[in-house]
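Student: Next come a sequence and a model predicted from it.
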Amino acid sequence: MLLELRDVQARYGPIRALHGVTLAVEEGEIVALLGANGAGKTTTLRAVSGTVRRSGEVLFQGKPIVRRSPEAIVRGGIAHVPEGRGLFSELSVWENLRMGAYVRGERRTLKAEGSRIFGYFPWLERRRNQQAGTLSGGEQQMLALARALVGRPRLLMLDEPSLGLAPTIVRELFQIVKELNEKDGLTVLVVEQNANIALQAASRAYVLEVGKVAISGQSDELRRHEGIRKSYLGY
Amino acid sequence: MTAAVKGVLLAAAVALIILIPQRAGEFRLSQFTYVAIYFIALLGLNILVGYNGQISLGHGAFMGIGAYAAMIFILGREGLTATGANPPGWLLEHGMRPIFAIPLAGLVTGVIGYLFGLPALRLAGVSLALATFAVAVSLPLIAKHYDSVTGGGGGVSLPLPTTPFGWDISTPHWLYYEAWATAGILFLVAWLLVRGRVGRAWRSIRDGEVAAVSSGVSSAAYKTLAFGVSSAFAGVAGALFVIQVSYINPDTFPLTLSILLLVSAVLGGLGSLLGGIFGALLLVFLPIYSQDPPVLHFSFSKQAPSVVFGVFLILMVLVAPGGVAGLLRQVVQPIKIGLARRGSRPSRLAKEE
Amino acid sequence: MTAFLWSEFFQQITSGLAIGSIFASLALALVLIYRTTDVINFAQGEMATFTTYIAWSLMNHGLSYWPAFVLTLLIAFGGGVGIERVLIRPVEHRPEIVMIIMTIGLFIVINGLTGWLWGADPKAVDSPFPNKTIDVAGVAISTQDIGTFCVCIASVIVLWAFFRFTSLGLAMRSVAVNSAASRLMGVRVGWMLALGWGLAAVLGAIAGLMAAPTAFLDPNMMLVIIVYAFAAAVLGGIDSPIGAVVGGLTLGVTVNLLGRYVDLVGEELKLPTALAVLLLVLVIRPQGLFGRVIVRRV
């Protein structure tokens, strides 16, 4: 098991956001984390990357990481693309990619990974000197993804990648994610409000409600589940 | 704090203020007079910084403006010429009584502060800090330059103050009571302003200007008002100061003073008017600024105590961000809770600290 | 107004550029700290004075100029890092005014310490540059001015190169732009902030060492200079490094020219006039010449 959460609690100051989340992600899977606004999806990702106060057990590659700093966790091979992408908007496309390589020694890594990344995102090379903040929403999301991939993470966590994007772009994005998963064996944990697209890409999913896992299962099962259909799939 | 606790403290304070002159020697008495003067200045600064959320590193300069204004009003053309200055013709021939000069100086300073507040609307945070810092740095230099009115570097002496109406108390006593009476009146004014609609508007601007504006608060009007009011307070303090010392020169109100005023306001506790008393006590009784303020010029370095003061400051920031008033609140809170539990009235306690 | 001589005009400009480069170094230090840690370091000038005294002590004990210079820079770096870790770190998330008080406290402590350790009488600091003037097309330029300008601008350029080309520099820039995101890139944000303070202290030390030969080393040497540096930083835009440099040079030249050619200003009112001009610029353009406009989000 690549990632395991056992009874993880998290809070923002006095407000408890996670009330005991238990889930697991196997190597090579794409797992989706679904739920309504405020259910705790983003907080769960934060609990893994260490950017929120958390307690409970978080195991990555069998080792506990719940006491580690975010910087150490990232170095350990977890890439977290946060909500809103977290780009360095005043820096250029190229500089953002350089930062993606920072975690493993920027110069060396970028040289090695550069062509691979540009293979998936050819247009990035043409726009290397453009300021990241001037890219369109879809392009920014692609850049954020590319940046996360530069460091060759073991686990990629995506927070609401479809937010604010047109359906064609979203499809393209998930296409790339699936390709990365199939060809390079990248493990992905994706948080989504768009349950439709998430369940198409992921093999398994967890549904969070009020800070706990309410339902989990294979994507096909969940798609047929009546409660899920009504609440999250809209039919 | 509950009204009862506040009332008791207030009564105690008033009693102290009345009693001190009976026991204190002349020097001590003058020190407490300075406490009153700085208290007035700090009330003004607290309004601007604590309640309205702006910043001023130039409050001392506004004290200086009030002081010079008072000096000019008191001496009049006649008096200024006598000291060697070369006053312009439009000045009054004879001076006016200090008791009239003080509020007038406050008014003049308030207007100037209000006018300063207008362009200051465009500035905030760093820029505003710099603008007020610039005022503080410039005032002594400008005062030195325009020596026809201000008497230049040599300074101007005022006639020693005399007790009015031939009352039978010594001058230091009179000055003491005058300062504290003024402080009391201005405290009341500040208190009324702060708890009324004006104060609410100020606080709403401090806590979130955009939200305040969306609620219909005219941020420009209230922000400039805050500058005007705080400068007026500083002006009165400056006027009282110059009367107390009977002397003024361009270095009487240096940058140092402005900085120390801000520091004292924070240490005393922003957002609490009474915090000004602690700040004033600090200013007077901490060695760096206690004796003969006019003698102190631009350099701190003459006193090793300044290192102690600075360390103290840093420790306060690290340990007690609410200032002395905040510390007191933390002490009083458990008492308040205890009292409330005793009675069965539900009390609106803060949820979590 | 005395007769206008081109040669004198250019002299004023060159000496203005020299003093302006000192303002620029210090202003850049202020901007550096502001961009990385969001703090206005009121104590920057005093830190510079303190390090200049250290250099003086080193030279007094027999070290020759340039070795003392380098050693001082290293000590300054360490001092800056230390101050950030010990004093600024714990109060990082406090409101602006509390941070201002903290650096004011630092100002007071360092200023007092300087006077305490070395006394108030001015010390003479040697200049590494020969005391000559050279003649360029009829304009007399002092080598001291040239040297000062070159050293300060060189340090600015070195810093620029550091930020532009090195990984560490890029990491620091990323922290300034979006510290939460940079944490997710594996950047040790805390150490980046400390690094910022260290570099700023080095810039300050250079400024102090360049100022000392003409300004005379006493505990208050930097008091007036830091005011100009502040003005330069705000003029350029408090979050713009380019602005700091341009602002510093502009201010140096402007103040010199105003002082020489505008009678009203003279020598005494140089500083207030510079500040008045600055404030005028700010009222028209609050974000400074190169600063970003802060859009107020509702």
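Tutor: Received the coordinates, thanks. Numbering: from 1, shown residues only, chains lettered A, B, ... in the order given.

Student: How about the spatially most central residue of chain B, nearest residue that isn't a chain neighbour?
Tutor: Residue closest to the mean C-alpha point of chain B, counted by C-alpha atoms, centre = their mean, is residue B:41 at 0.5 Å. In space, and not counting its chain neighbours, residue B:41 is closest to residue B:237: 3.9 Å by C-beta to C-beta, 6 or more residues apart in numbering or on different chains. For the C-beta atoms, the positions are set from N, CA and C on the backbone; glycine is no exception.

Student: Identify the residues contacting the one you found.
Tutor: B:37-38, B:40-41, B:44, B:63, B:66 (C-beta atoms under 8 Å, 6 or more residues apart in numbering or on different chains).

Student: For residue B:241, state which of the residues you listed is nearest.
Tutor: Ranked by distance to residue B:241 (C-beta to C-beta), the contacts of residue B:237 are led by residue B:37 at 5.3 Å.

Student: isn't there a strand covering that closest one?
Tutor: No. Under the criterion used here (DSSP: H, G, I helix; E, B strand; the rest coil), residue B:37 is helix, not part of a strand.

Student: Tally up the residues packed near it, please.
Tutor: For residue B:37, the neighbour count with other C-beta atoms under 10 Å in any protein chain shown is 28.

Student: quick one on the thing from earlier: just the buried residues of the contacts of residue B:237.
Tutor: B:37-38, B:40-41, B:44, B:63, B:66 (16 or more other C-beta atoms under 10 Å in any protein chain shown).

Student: quick one on the thing from earlier: secondary structure element holding the residue nearest to residue B:41?
Tutor: helix B:219-245 (DSSP states H and E).

Student: so how far is that helix from its chain's centroid?
Tutor: 8 Å (C-alpha atoms, centre = their mean, to the nearest Å).

Student: again, but for stretch A:201-219
Tutor: With C-alpha atoms, centre = their mean, you get 15 Å for stretch A:201-219.

Student: I'd like the average pLDDT over it.
Tutor: Average pLDDT, stretch A:201-219: 89.

Student: Determine how far the last residue of that stretch lies from the first.
Tutor: End-to-end distance for stretch A:201-219: 9 Å, by C-alpha to C-alpha, to the nearest Å.

Student: buried ones in it?
Tutor: In stretch A:201-219, counting by 16+ other C-beta under 10 Å, buried: A:201-202, A:204-208, A:211, A:213, A:215-216, A:219.

Student: now stretch A:126-141
Tutor: Applying 16+ other C-beta under 10 Å to stretch A:126-141 flags A:127, A:132, A:135, A:138-141 as buried.

Student: For that stretch, which outside residues touch it?
Tutor: With C-beta under 8 Å, 6+ apart, stretch A:126-141 has contacts from A:85, A:87-97, A:123, A:143, A:161, A:164-166, A:169, A:172-173.

Student: Drop anything exposed from these.
Tutor: A:85, A:87-89, A:91-97, A:143, A:161, A:165, A:169, A:173.

Student: Mind listing the residues bridging to the closest residue in space to residue A:225 that isn't next to it in sequence?
Tutor: In this structure, residue A:225 finds its nearest non-sequential neighbour in residue A:215, 7.0 Å apart by C-beta to C-beta, 6+ apart. Here residue A:215 sits in beta bridges with residue A:207, going by DSSP bridges.

Student: can you map out the strands along the stretch 51-200 of chain C?
Tutor: C:133-136, C:139-142 (DSSP state E, counting those that start in this stretch).

Student: Residue A:108: which of those strands is closest?
Tutor: Closest among these, using C-beta to C-beta: strand C:139-142, at 47.3 Å.

Student: related to what we said a few turns ago, okay, and which of the buried ones among the contacts of residue B:237 map to helices?
Tutor: B:37-38, B:40-41, B:44, B:63, B:66 (DSSP state H).

Student: Spatially central residue for chain A, please.
Tutor: Most central in chain A (C-alpha atoms, centre = their mean) works out to residue A:158, at 1.6 Å.

Student: Which of the three states applies to it?
Tutor: strand.

Student: residues touching it, list them.
Tutor: Per C-beta under 8 Å, 6+ apart, neighbours of residue A:158: A:81, A:145, A:177, A:188-191.

Student: From those, pick the one nearest residue C:207.
Tutor: residue A:81 (41.9 Å).

Student: doesn't residue A:161 make contact with that closest one?
Tutor: Yes. Counting by C-beta atoms under 8 Å, residue A:81 does reach residue A:161; the two are 7.1 Å apart.

Student: so what sits against both of these two?
Tutor: With C-beta under 8 Å, 6+ apart, residue A:81 and residue A:161 have common neighbours residue A:145.

Student: How confident was the prediction at residue 192?
Tutor: You didn't say which chain, so I picked chain A. 90.

Student: try again with chain B
Tutor: For residue B:192, pLDDT reads 92.

Student: wait, which of the strands of the stretch 51-200 of chain C is closest to residue C:72?
Tutor: Using C-beta to C-beta, the nearest of the strands of the stretch 51-200 of chain C to residue C:72 is strand C:139-142, at 23.6 Å.
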